[in-house]
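J.: next one to model:
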Amino acid sequence: MNKKTLYITGLTLIFALSILSGAITIATVHRSVDIEVTTMNDSTGIVLPSPTTTGDSIVNKYALVIGISDYKVISDLNYCDEDATDWYNYLDSLGYQITLLGDSHPENFPQWDGYATEYNTRVALVNIFSIADEDDIVAITSSGHGGRSRSKDLKAFVYFLCMWDTNDGEEGYNGLIDNYELLEILEPSVSKTFIFLDHCNSGGFEYVFQNPNSENYYMATTCTENGFGWDDPVHLNGKWTYFFLEYALIGILGGTASMEEAFAVAYPAYLEEIHRPGDVLEEFDGSSDTLFYL
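T.: I've put the predicted structure just below:
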């Protein structure tokens, strides 16, 4: 299995999440009710690094690439491993030091550094931000299930990425990384940071731009906080991954353009095929005066 399995008019909807009797399940249509998260992860157990405050005038490049097609418990998807492979190959060509976290089929990835559990993802990010200084560039790309839930305690929606161990969390975690937790994990970051999310409801991760270093952030998501991601079985990718990376950044722009330029090229082409209001691509740019280059 690869990334997203339900086909609708030739495309596959990345499934929306719902919780029934406290268990997370995958629905094949847009959620008609909110998901209630009754407990939040305890962030203890992984010590966040002290921020690196100065650069060394050397530009090092670090990346965390995630692709989860075959989940431990919840429904499997298609093409997430292809997404991860394509991002790995592109970033590797640019000289990035890459950690690649995947699923139970390591043979489907060009490099496999372990399961994309929540714990492993947290550790990988902490390791990167413990060494990345203000001269460095960090790329985080992720492809898989996503969703949102209404939190009674916060009186707000919580948006989350489903890691490989969703619904059967390991190392004391619940298998979800939500927008609040990602903000906390990114707290020590001082480097330029690129985030690319091919998950449902990923527009809700705009919250990470509350980071004090957000002027050095650029993020592109496959949809709004209310939307879905889509499969592209013709190109064997998540549709957003294909149009942003393969079609725009590599294909038309030759691989050396800024992320803003790639988004501008990918956006109209993507919307020629996707017409649901919530499925509009979103771009979050911490500095409108500076282009972001990988």
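
J.: got the contact list for the nearest residue to His105 once chain neighbours are set aside?
T.: Residue nearest to His105 in three dimensions, not counting chain neighbours: Asp70, with 6.0 Å by Cβ to Cβ, 6 or more residues apart in numbering. Any C-beta I mention is one placed from the backbone N, CA and C, and that applies to glycine too. Asp70 is in contact with Met1, Asp76, Leu77, Asp103, Ser104, His105, counting by Cβ atoms under 8 Å, 6 or more residues apart in numbering.

J.: where do the strands sit along the stretch 101-250 of the chain?
T.: Ranges of strands within the stretch 101-250 of the chain are 137-143, 146-151, 156-162, 176-178, 192-198, 217-221, 231-232, 237-238, based on DSSP state E, counting those that start in this stretch.

J.: just tell me which of those ends up closest to Leu291.
T.: Of all the strands of the stretch 101-250 of the chain, it is strand 217-221 that lies closest to Leu291, at 8.9 Å by Cβ to Cβ.

J.: what helices and strands are in contact with the closest one?
T.: In terms of contacts (3 or more Cβ pairs under 8 Å, 6 or more residues apart in numbering; DSSP states H and E), strand 217-221 is packed against strand 192-198, helix 259-271, strand 282-285.

J.: next, the angle from it to strand 137-143.
T.: Orientation check (axes from the mean of the first three to the mean of the last three Cα atoms, to 10 degrees): strand 217-221 against strand 137-143 gives 20 degrees.

J.: adjacent strands (with direction) for strand 217-221?
T.: The strands beside strand 217-221 in its sheet (DSSP bridges) come out as strand 192-198 (parallel), strand 282-285 (antiparallel).

J.: which ones are touching Phe194?
T.: When contacts are counted by Cβ under 8 Å, 6+ apart, Phe194 touches Ile137, Val138, Ala139, Ile140, Tyr217, Tyr218, Met219, Met259, Phe292, Leu294.

J.: please look at the fifth one and Phe196 and confirm they touch.
T.: No - counting by Cβ atoms under 8 Å, Tyr217 stays clear of Phe196, with 11.8 Å between them.

J.: most packed of the strands paired with strand 217-221?
T.: Comparing the strands paired with strand 217-221 by mean neighbour count (mean count of other Cβ atoms under 10 Å), strand 192-198 ranks first with a mean of 26.

J.: could you export the contacts of Phe194 as a markdown table, including pLDDT?
T.: What follows is the contacts of Phe194, written out as a markdown table (pLDDT from 0 to 100):
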| residue | pLDDT |
| --- | --- |
| Ile137 | 98 |
| Val138 | 98 |
| Ala139 | 98 |
| Ile140 | 98 |
| Tyr217 | 98 |
| Tyr218 | 98 |
| Met219 | 98 |
| Met259 | 98 |
| Phe292 | 98 |
| Leu294 | 98 |
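
J.: format those as JSON lines; extra columns: neighbour count.
T.: Below are the contacts of Phe194 laid out as JSON lines (neighbours: other Cβ atoms under 10 Å):
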{"residue": "Ile137", "neighbour count": "21"}
{"residue": "Val138", "neighbour count": "24"}
{"residue": "Ala139", "neighbour count": "24"}
{"residue": "Ile140", "neighbour count": "22"}
{"residue": "Tyr217", "neighbour count": "22"}
{"residue": "Tyr218", "neighbour count": "25"}
{"residue": "Met219", "neighbour count": "24"}
{"residue": "Met259", "neighbour count": "22"}
{"residue": "Phe292", "neighbour count": "22"}
{"residue": "Leu294", "neighbour count": "20"}
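
J.: all helices of the stretch 101-250 of the chain, in order?
T.: Residue ranges of the helices in the stretch 101-250 of the chain, as given by DSSP state H, counting those that start in this stretch, are 118-129, 179-185, 239-241.

J.: most packed of those?
T.: Most buried of the helices of the stretch 101-250 of the chain by mean neighbour count (mean count of other Cβ under 10 Å) is helix 239-241; its value is a mean of 27.

J.: show me what that helix is packed against.
T.: helix 80-93, strand 192-198, helix 259-271.

J.: how about residues contacting it?
T.: 11, 83, 86-87, 143, 196, 198, 220-222, 229-232, 266, 270, 273-274, 281.

J.: what's the answer for stretch 102-118, then?
T.: Here stretch 102-118 makes contact (Cβ under 8 Å, 6+ apart) with 1-2, 41, 66-72, 80-81, 84-85, 88-89, 92, 98-101, 120, 124, 144, 163-165, 169-171, 173-177.

J.: thanks a lot, see you next time.
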